[in-house]
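Undergrad: This is a predicted model, with the sequence first.
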Amino acid sequence: MNRGDDFDDPLIVAEVVSGQKELFRLLVNRHEKTVYRMGLSFFHNTEDAADFTQEVFLKVFRHLATFKGHCRFSTWLYRVAYNTAVNRAARKTKYQSLAEDASGSESVQERDTPEQTLLRQAVQTAVEEAVKELPERYRICVDLFFFYDRSYQEIEVITGYPVNTIKSHVFRAKKLLREKLADFRYL
């Protein structure tokens with residue numbers, strides 16, 4: 001068997017479960033950046049995000065045999081990561097929005113004037129604050145849909161909310177955000 005990165009995730013999972021545990025590193029290499037970014041968005045510091053990432057992959061490794069392939073491996077992994085983050089945040093009694101992930105990946109275009117840069121930062125801050133103020137159930141759906149590019153079906157698997165509820169939450173959240181950000185509409 002070729003041990004390269006060209007294997008699809010379910011095949012790698014099957015090989016790891018059947019005893020080739022060293023192949024788990026392929027799954028980690030493919031998905032650790034996304035899990036780490038989720039950790040950053042929940043915990044806002046690199047040390048906690050690194051600990052979170054390690055905790056998630058340890059859980060995934062321990063429970064890999066429970067992955068049945070009814071959804072994409074990444075969806076299953078993100079559900080484990082999401083549940084771990086929510087539980088960890090609850091233990092610390094603070095929950096932060098996933099939307100703040102965007103602030104860590106900001107890139108300033110060289111052609112921007114200082115005014116444009118400040119305006120972009122003000123808009124970004126306003127969006128982050130508006131998303132933070134959403135009811136938690138809306139915020140989770142918006143974060144996963146827009147910031148993590150998950151489909152409604154994947155969000156259903158991750159959160160346990162029915163698809164129609166997710167669609168409703170995203171719709172209502174967009175309406176609330178439109179109202180809260182009305183002042184930025186014409187900038």
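TA: Structure received. Numbers count the residues shown, from 1 in each chain.

Undergrad: what's the burial count for Ala85?
TA: Counted with other Cβ atoms under 10 Å, the neighbours of Ala85 add up to 23. C-beta: built from backbone N, CA, C; applies to glycine.

Undergrad: in which helix or strand would I find the nearest residue to it once chain neighbours are set aside?
TA: In space, and not counting its chain neighbours, Ala85 is closest to Phe42: 4.4 Å by Cβ to Cβ, 6 or more residues apart in numbering. Assessed by DSSP states H and E, Phe42 sits inside helix 24-43.

Undergrad: So which other helices or strands are in contact with that helix?
TA: Judged by 3 or more Cβ pairs under 8 Å, 6 or more residues apart in numbering; DSSP states H and E, helix 24-43 is in contact with helix 9-17, helix 46-62, helix 73-91, helix 101-104.

Undergrad: Could you identify the helix or strand that succeeds the least confident helix or strand in the chain by mean pLDDT?
TA: Across the helices and strands of the chain, mean pLDDT, DSSP states H and E gives its lowest value to helix 101-104, namely a mean of 45. Following helix 101-104 in sequence order, the next helix or strand is helix 114-133 (DSSP H and E).

Undergrad: Just the buried residues of that following helix, please?
TA: 127-128, 130-131 (16 or more other Cβ atoms under 10 Å).

Undergrad: Output the contacting helices and strands for that helix.
TA: helix 101-104, helix 136-142, helix 163-180.

Undergrad: Would you point to the one among these that's packed deepest?
TA: Neighbour counts (mean count of other Cβ atoms under 10 Å) averaged over each of the helices and strands packed on helix 114-133 peak at helix 136-142, with a mean of 20.

Undergrad: counting contacts, what elements does that one pack onto?
TA: By 3+ Cβ pairs under 8 Å, 6+ apart, helix 136-142 packs against helix 114-133, helix 152-159, helix 163-180.

Undergrad: what about the helices and strands packed on helix 114-133, which gets the closest to Val56?
TA: Counting by Cβ to Cβ, Val56 lies closest to helix 101-104 out of the helices and strands packed on helix 114-133; the figure is 15.7 Å.
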